[in-house]
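Enquirer: Requesting a structural model of the entry that follows:
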Amino acid sequence: MSRRLAEVARKVGVSEATVSRVLNDKPGVSESTRRAVLTALDVLGYERPTKLRGERPRLVGLVLPELSNPIFPAFAEVVGGALAQNGYTPVLCTQTAGGISESDYIDLLLQQQVSGVVFAGGLYTQEAGSHEHYEKLRDVKLPTVLVSAPVDGLGFPAVSCDDAVATQLAVRHLVQLGHTRIGFVLGPKDHVPSRRKVEAAEQELERAGIAFEPSRVVRSLYSLESGQAAATRLLQTGVTGIVCASDPLALGVIRAVRRAGLRVPQDVSVVGYDDSALMGCVEPPLTTVRQPIEPMGRMVMELLTQQIAGETVAPEEFLFEPELVVRSSTGPAATA
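Expert: The predicted model follows:
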């Protein structure tokens, strides 16, 4: 019993005495703390006391496009932890090829009567994608927060890393190292974050007096293998620096450079995006643009709880500034 008290107390950030009062249904504990303790019991796999089993834990859907890109599990950990601290149980919904669709997940979450939904990427980031299923959430006024891009006309708040600033930082870094032939590995043309990145790249290159070459922009899926294929095409254009839309793409680019008999960064410099876990441990350690997922996660939680409390939240996008993390995958441009 004492071990259970200690573990639950650590999870919630309260004393063991407070946990004991909740389990014994004693007064002197705030409603929010009581809910957080009961949720922690569920999350840690402990059985609730008999007299408290009738209380259904509050659920929040956390919809992710994938788990293979390490930025999504990292974001889920941040948001999931914040949800648990606030007395909610996260329901993780991960999309897989040929698996349950985003629309099906929305139907399932509505059936479970969740208190809200957080989307960390999805069809809403694609301008040409189907957005009808999001209208179900709007119609029932379910608290919803989007991450990475807004959806016009639905009235949901969004939390995003500033893609324009991220690209400016990456391009400026390469230009300062003497690179003038810079390529880009980005997502599909209708992908909102990628569209923002390519617009910022064109502006930053023009600001540096370098002509923007559309042929040096290759569209790709977000995987290491796709990054390798895209880089193989880019290397044929003679680029000496490549900016990528994710860290897995950047790792694929590095593999392609090496397969071509070239070196990173002596022949080709590579910049990633996200600063996922272990990017400082790859060879060479990856220069990348870090998404501030901790403050972004806190803002997501704030916007969600405000909506759950019945407050009116403006359907605006909150942009967070990224940070360039310089490591060893970038260096001075090779001389001809």
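Enquirer: What ranges does the stretch 51-200 of the chain have for its strands?
Expert: Counting by DSSP state E, counting those that start in this stretch, the stretch 51-200 of the chain forms strands over residues 58-64, 88-94, 116-119, 144-147, 158-161, 182-186, given from the N-terminal end onward.
Enquirer: okay, those strands, which one's buried deepest?
Expert: strand 182-186 (a mean of 28; mean count of other C-beta atoms under 10 Å). Where you see a C-beta, it was placed from the backbone N, CA and C, and this is true even at glycine.
Enquirer: tell me the angle the lowest-mean-pLDDT helix or strand in the chain makes with strand 88-94.
Expert: Among the helices and strands of the chain, helix 31-44 carries the lowest confidence by mean pLDDT, DSSP states H and E, at a mean of 76. With axes from the mean of the first three to the mean of the last three C-alpha atoms, to 10 degrees as the basis, helix 31-44 and strand 88-94 are set at 40 degrees to each other.
Enquirer: Pro193 versus the residue nearest to Pro65 when sequence neighbours are not counted, what's the distance?
Expert: Spatially, and ignoring its direct neighbours in sequence, Pro65 is nearest to Gly121 (4.2 Å; C-beta to C-beta, 6 or more residues apart in numbering). The gap separating Gly121 from Pro193 is 9 Å, by C-beta to C-beta, to the nearest Å.
Enquirer: anything in contact with each of these two?
Expert: Contact criterion C-beta atoms under 8 Å, 6 or more residues apart in numbering; residues shared by Gly121 and Pro193: Ser148.
Enquirer: Can you report how many residues neighbour the nearest residue to Ala82 once chain neighbours are set aside?
Expert: The spatially closest residue to Ala82, leaving aside those adjacent along the chain, is Met301, at 4.2 Å (C-beta to C-beta, 6+ apart). Under the neighbour criterion other C-beta atoms under 10 Å, Met301 is assigned a count of 22.
Enquirer: Mind listing what's buried along the helix or strand harbouring Met299?
Expert: Using DSSP states H and E, the secondary-structure element containing Met299 is helix 293-308. Neighbour-count burial for helix 293-308, counted by 16 or more other C-beta atoms under 10 Å, picks out 293, 296-297, 299-305, 307-308.
Enquirer: How about residues contacting it?
Expert: 60, 71, 74-75, 78-79, 82-83, 86, 115-116, 118, 143-145, 147, 157, 159-161, 313, 318, 320.
Enquirer: how close does the residue nearest to Ala82 sit to Asn69?
Expert: 22 Å.
Enquirer: do Ser276 as well
Expert: Per C-beta to C-beta, Ser276 is found 7 Å from Asn69.
Enquirer: Find residues that contact each of these two.
Expert: Taking C-beta under 8 Å, 6+ apart as the criterion, Ser276 and Asn69 both touch 247-248.
Enquirer: pLDDT weak spots in the stretch 51-200 of the chain?
Expert: Along the stretch 51-200 of the chain, segments meeting pLDDT under 70 span 51-57.
Enquirer: One more pass at 90, please.
Expert: Filtered on pLDDT under 90, the stretch 51-200 of the chain yields the residue ranges 51-58, 66-68, 84-87, 95-101, 110-115, 121-122, 127-131, 138-142, 151-154.
Enquirer: how about the helices in it?
Expert: Listed in chain order, the helices found in the stretch 51-200 of the chain under DSSP state H, counting those that start in this stretch are 71-85, 102-111, 134-139, 163-176, 192-207.
Enquirer: how about the third one: buried residues?
Expert: The neighbour-count check on helix 134-139 (16+ other C-beta under 10 Å) flags 134, 137 as buried.
Enquirer: centre of the chain versus it, how much separation?
Expert: Chain-centre distance of helix 134-139: 22 Å, with C-alpha atoms, centre = their mean, to the nearest Å.
Enquirer: Report all helices and strands that it contacts.
Expert: Packing partners of helix 134-139 (3 or more C-beta pairs under 8 Å, 6 or more residues apart in numbering; DSSP states H and E): helix 102-111, strand 144-147.
Enquirer: May I see the ones you listed organised as JSON lines, with distance to Leu324 added?
Expert: As requested, these are arranged in JSON lines below (distance: least, C-beta to C-beta, whole Å):
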{"stretch": "helix 102-111", "distance to Leu324": "32"}
{"stretch": "strand 144-147", "distance to Leu324": "21"}
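Enquirer: which of these is buried the deepest?
Expert: The stretch of these with the highest mean neighbour count (mean count of other C-beta under 10 Å) is strand 144-147, at a mean of 26.
Enquirer: I am finished for the moment; much appreciated.
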